[in-house]
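J.: the following comprises the amino acid sequence and a computationally predicted model.
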Amino acid sequence: MKILHLYHDLLNLYGEYGNVVVLKKHLEDQGLEVELVLKTINDDFDFDDYDFIYCGSGSESKTLKALEDLLKRKESLLKAINHNKLFLFTGSAMELLGEKINEKEALNIVPIKSTFTDKRYTGDVIASNPEIGEVVGFINKCSIISQNEDIKLFDYIFKQKGINDNKYEGYKYKNVYGTHIIGPILVKNPNFMGLIVKQLVGDKYQEIKYSFEEDSYKVTLNALKERNK
Amino acid sequence: MYNLTMKKMLAILVCKGLRAIGKLVGKGSSLPGKYALKIDKNILSKIKYPKYVVAVTGSNGKTSTVEMIKAVLENAGLKVIYNSEGSNQIEGVTTFILNAANLKGELKADVVLMESDERYARLTFKHFTPSHYVITNLYRDQLTRNGHPEWIYKIIQDSIHQNCELILNADDPLINSYKSDKCIYFGLERYDESSEENRFIYNDCTYCPKCGKPLHYDYYHYNHIGKYECEYCGYKRNEPQYKITDVDLDEGRLTIDRKYQINLALKSIYNAYNILATYALTRQLGIKPEIITETLNNYILKNGRVRLFKIGDKEGTLLASKHENSVSYNQSLMVVRRYKGEATVFIMVDAISRKYFTSETSWLWDIDFEFLNSPNIKKIVIAGKYTSDVAERLLYANINLDLIHIEKDISKAVNYLGKEAIGHIFAITCFSDQDKLLKRVER
């Protein structure tokens, strides 16, 4: 099993490496041998060689820098997406696969557009997806995202005032999950982690409990629900 | 003209009045300034400032640096006005300036000294400009409010006026790139803990802030702080005018410009930087090196970052560390690691912030908890609401689980420390949570 942490030194602004480090351990607990590979701009690789591809948040300038590199890899990326490889792009990385970032052509794979503003839209959220359940997290962006509801990943259950989105957030396109929630989202959300692990392990998947992760999820979920009252 | 003068006086009077009442009832310091600004939104530009107006900004070290600058200047016989309450947004600055002014709007002092919030300096400095502006560093700090360091970089940029003398940390590639008519740099030369590979979890300057190509480092002190030079565009660390030429953290001693020795009350590299920033600024104001070193030698910060306590017969030190600020946490972890005896570490994350609500804990993954893998650390106790978030992070820092004791309930955790702590207790927690410890221990 091979995990790719893409732009590990560029798009890793909110402790996002935690996602892949913990995922690796969970896959190993399922009895798999796992290789975690770090790649960045100008490195030589093929997306299709990986079972799971992760990319996280960066500053606006670093996101555009990543875009420049990723545009050169579009063919390899499309091939892997069309082979139904599992992708998770979180934070600003989710914008890369869209049609445009500002006036700049992006990868044009997922039908979303984003525009940077000079404001930051930040706050805690609870977001829900029928397949995953309720997810907790934090949004920290300056972008306005326009997209249709039909590709949404989450419905907001709760969001703090500072967030400019409508009622939904993120996208699911083929096996690509995109969300603007930052940080170690898989570590903080055992359901989401479970879904990813299940998809990667397949039939041999066995339920394992991780008490710290379960509890940290519950604590934050309760804190946010309390806030929402 | 008459009306304008009256308006100014009224704003000053209201501010002083409200401040006096506020002090009696123990209210914060931003409200009087807020009302004064309502009376006259340009009041700050109508004040007569002394020749030296010194501002200090940056992610970390502001309060400590300002405190030490004040001590040096006063020791040199200067009269200093400064925002002692750390109210560094525009309302707080207004309160402090008007309160110190006479009714004619004059500040009778040699130096106005202030800590400036990174995000608000650009608003404050529309009304008056510092003569000297110290910028310490840009770290990942309170990103739930600040976005990210590059975002703050641009905001600080807007607060810099051409005629303002900048005193800049040359070792921070972001800070080193600020420009004005006069720039003075300070920096730390290679020392025994510098390394050619970054030993820390993240580095926000893996790419050149000027041209975006990979940035070469000769050595790192920590994170993105070190000596660097871009092989593509030539951007590099400016040669510092003021340098720490030698530092021995075990002995707790540093040397500035090969000549001036200062003993450190707090043996950390971050404290060394604050001392260096203080040295650079006060030298630029014409203070003699002997007065500076005399003041800073064994200087114990009064701002409460380090406190001693006891639980029964166990002795402890509180190292106040900012949540959502990994560099601040790392500083505390390094202090424990460097401690010569056996130690128990107590980590409490109960409220992320005392000022606003968030349940965001990503910042725990930016802290180098791996430093706790040290033979002198015999026990790690975790408490507070976010205990499991901390425990999960420690698990992935490869810390021996047998050393970790988890007790969410703070009272029970403190009782446990009283009974079971091995060696000296180091409590690492934030200002938002420290009272939850302090009220349960002897001080």
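T.: Received it, and whenever you're ready, just let me know what you need.
J.: and A:Ile157, what element?
T.: Assigned by DSSP states H and E, A:Ile157 belongs to strand A:152-159.
J.: which elements pack onto that strand?
T.: Strand A:152-159 sits against strand A:112-129, strand A:133-147, strand A:168-173, strand A:176-179, helix A:211-228, with contacts defined as 3 or more CB pairs under 8 Å, 6 or more residues apart in numbering or on different chains; DSSP states H and E. Heads up, the C-betas are built off the backbone N, CA and C, glycines and all.
J.: most tightly surrounded among the ones you listed?
T.: Of the helices and strands packed on strand A:152-159, the one with the most neighbours on average (mean count of other CB atoms under 10 Å in any protein chain shown) is strand A:176-179, at a mean of 25.
J.: now that strand: average pLDDT?
T.: Confidence over strand A:176-179, taken as the mean pLDDT, stands at 98.
J.: and it, how far out from the chain's middle?
T.: Using CA atoms, centre = their mean, to the nearest Å, the distance from the centre of strand A:176-179 to the centre of the chain it belongs to is 5 Å.
J.: again with stretch B:341-356
T.: In terms of CA atoms, centre = their mean, the gap separating the centre of stretch B:341-356 from the centre of its chain is 18 Å.
J.: excluding its backbone neighbours, what's nearest residue 149?
T.: No chain specified, so I'll use chain A. Distance criterion CB to CB, 6 or more residues apart in numbering or on different chains; nearest residue to A:Glu149, sequence neighbours excluded, is A:Tyr168 at 5.9 Å.
J.: wrong one, chain B
T.: Once chain neighbours are set aside, the closest to B:Pro149 by CB to CB, 6+ apart is B:Leu138, at 4.4 Å.
J.: now the angle from the strand holding A:Ile157 to strand A:168-173?
T.: Using axes from the mean of the first three to the mean of the last three CA atoms, to 10 degrees, the inter-axis angle of strand A:152-159 relative to strand A:168-173 is 160 degrees.
J.: could I get the helices and strands packed on strand A:152-159 as CSV with distance to B:Pro289?
T.: As requested, those are exported to CSV (distance: least, CB to CB, whole Å):
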stretch, distance to B:Pro289
strand A:112-129, 43
strand A:133-147, 44
strand A:168-173, 57
strand A:176-179, 55
helix A:211-228, 51
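J.: near chain A, which residues of the stretch 51-200 of chain B show up?
T.: Contacts of the stretch 51-200 of chain B with chain A, taken as CB under 8 Å from any CB of the partner chain, map to B:Arg140, B:Leu143, B:Thr144, B:Arg145, B:Gly147, B:His148, B:Pro149, B:Glu150, B:Trp151.
J.: domain assignment for chain B?
T.: Chain B breaks down into these domains under automatic domain parsing: B:47-296, B:306-438.
J.: which ones are touching residue 164?
T.: Just so you know, I chose chain A. In this structure, A:Asn164 makes contact with A:Tyr121, A:Ile144, judged by CB atoms under 8 Å, 6 or more residues apart in numbering or on different chains.
J.: to clarify, I was referring to chain B.
T.: Under the criterion of CB under 8 Å, 6+ apart, the contact partners of B:Cys164 comprise B:Thr129, B:Pro130, B:Ser131, B:His132, B:Tyr133, B:Ser180.
J.: any idea how far B:Glu239 is from it?
T.: To B:Glu239, B:Cys164 is 21 Å away according to CB to CB, to the nearest Å.
J.: still on that earlier bit, who's the residue nearest to A:Glu149 bridged to?
T.: Applying DSSP bridges to A:Tyr168 gives these bridge partners: A:Asp155.
J.: buried sites along stretch B:297-306?
T.: Of the residues in stretch B:297-306, those buried under the neighbour-count criterion (16 or more other CB atoms under 10 Å in any protein chain shown) are B:Tyr299, B:Leu301, B:Arg305, B:Val306.
J.: swap that for stretch A:42-58, please
T.: Within stretch A:42-58, judged by 16+ other CB under 10 Å, the buried ones are A:Phe47, A:Tyr50, A:Asp51, A:Phe52, A:Ile53, A:Tyr54, A:Cys55, A:Gly56, A:Ser57, A:Gly58.
J.: pLDDT score assigned to the last one?
T.: Confidence per residue is given as pLDDT, and for A:Gly58 that number is 98.
J.: residues contacting it?
T.: A:Tyr7, A:Leu10, A:Leu11, A:Asn12, A:Leu13, A:Lys65, A:Ala66, A:Gly91, A:Ser92, A:Ala93.
J.: ok, which of those also contact chain B?
T.: Filtering the contacts of A:Gly58 for neighbours of chain B using CB under 8 Å from any CB leaves A:Leu10, A:Asn12, A:Leu13, A:Lys65.
J.: between those residues, which is closest to B:Leu333?
T.: Nearest to B:Leu333 among the ones next to chain B among the contacts of A:Gly58, counting by CB to CB, is A:Asn12 at 20.5 Å.
J.: please name the residues that touch the closest residue to that closest one other than its chain neighbours.
T.: By the measure of CB to CB, 6+ apart, the closest residue to A:Asn12 outside its immediate chain neighbours is A:Gly56, 5.4 Å from it. Neighbour list for A:Gly56: A:Tyr7, A:Leu11, A:Asn12, A:Leu13, A:Tyr14, A:Glu16, A:Tyr17, A:Asn19, A:Thr90, A:Gly91, A:Ala93, A:Ile182 [criterion: CB under 8 Å, 6+ apart].
J.: okay, and which of these map to helices?
T.: Counting by DSSP state H, the members of the contacts of A:Gly56 that fall within helices are A:Tyr17, A:Asn19.
J.: from the contacts of A:Gly56, which land in strands?
T.: For those, the ones inside strands are A:Thr90, with DSSP state E as the criterion.
J.: quick one: which two of the contacts of A:Gly56 are the most distant?
T.: The largest separation in the contacts of A:Gly56, counting by CB to CB, is between A:Tyr7 and A:Ile182 at 14.6 Å.
J.: which residues does stretch A:114-124 contact?
T.: A:60, A:95, A:98, A:100-102, A:106, A:136-146, A:158-165, A:220, A:224, A:227, B:144-145, B:147, B:151, B:357-360.
J.: out of the domains of chain B, which gets nearest to A:Tyr210?
T.: In terms of CB to CB, the element of the domains of chain B nearest to A:Tyr210 is domain B:306-438, at 8.1 Å.
J.: can you name the residue of the stretch 151-300 of chain B nearest chain A?
T.: Using CB to the nearest CB, the closest approach of the stretch 151-300 of chain B to chain A is made by B:Thr206 at 4.6 Å.
J.: pull the number of nearby residues for the nearest residue to that residue once chain neighbours are set aside.
T.: Closest residue to B:Thr206 apart from its sequence neighbours, by CB to CB, 6+ apart: A:Asp9 at 4.6 Å. Burial of A:Asp9, expressed as a neighbour count using other CB atoms under 10 Å in any protein chain shown, amounts to 20.
J.: so where does B:Val93 fall, helix or strand?
T.: Per DSSP H and E: B:Val93 is located in helix B:90-100.
J.: next SSE after that helix?
T.: strand B:111-115.
J.: give me the angle between that next one and helix B:90-100.
T.: Our comparison of strand B:111-115 with helix B:90-100, counting by the same axes, to 10 degrees, yields an angle of 150 degrees.
J.: strands - which of the residues of the stretch 51-200 of chain B next to chain A land there?
T.: Secondary structure defined by DSSP E assigns none of these to strands.
J.: quick one, phi psi at the closest residue to B:Glu442 other than its chain neighbours?
T.: In space, not counting the residues next to it along the chain, B:Glu442 is nearest to B:Lys310; the distance is 4.4 Å by CB to CB, 6+ apart. Reported as degrees, to the nearest 10, the phi and psi values for B:Lys310 are phi -140, psi 140.
J.: and B:Lys310, how many neighbours does it have?
T.: Using other CB under 10 Å, B:Lys310 has 13 neighbouring residues.
J.: that one and B:Leu438: what is the separation?
T.: When CB to CB is the yardstick, B:Lys310 and B:Leu438 sit 11 Å from each other.
J.: helix, strand, or coil at B:Ser353?
T.: coil (DSSP: H, G, I helix; E, B strand; the rest coil).
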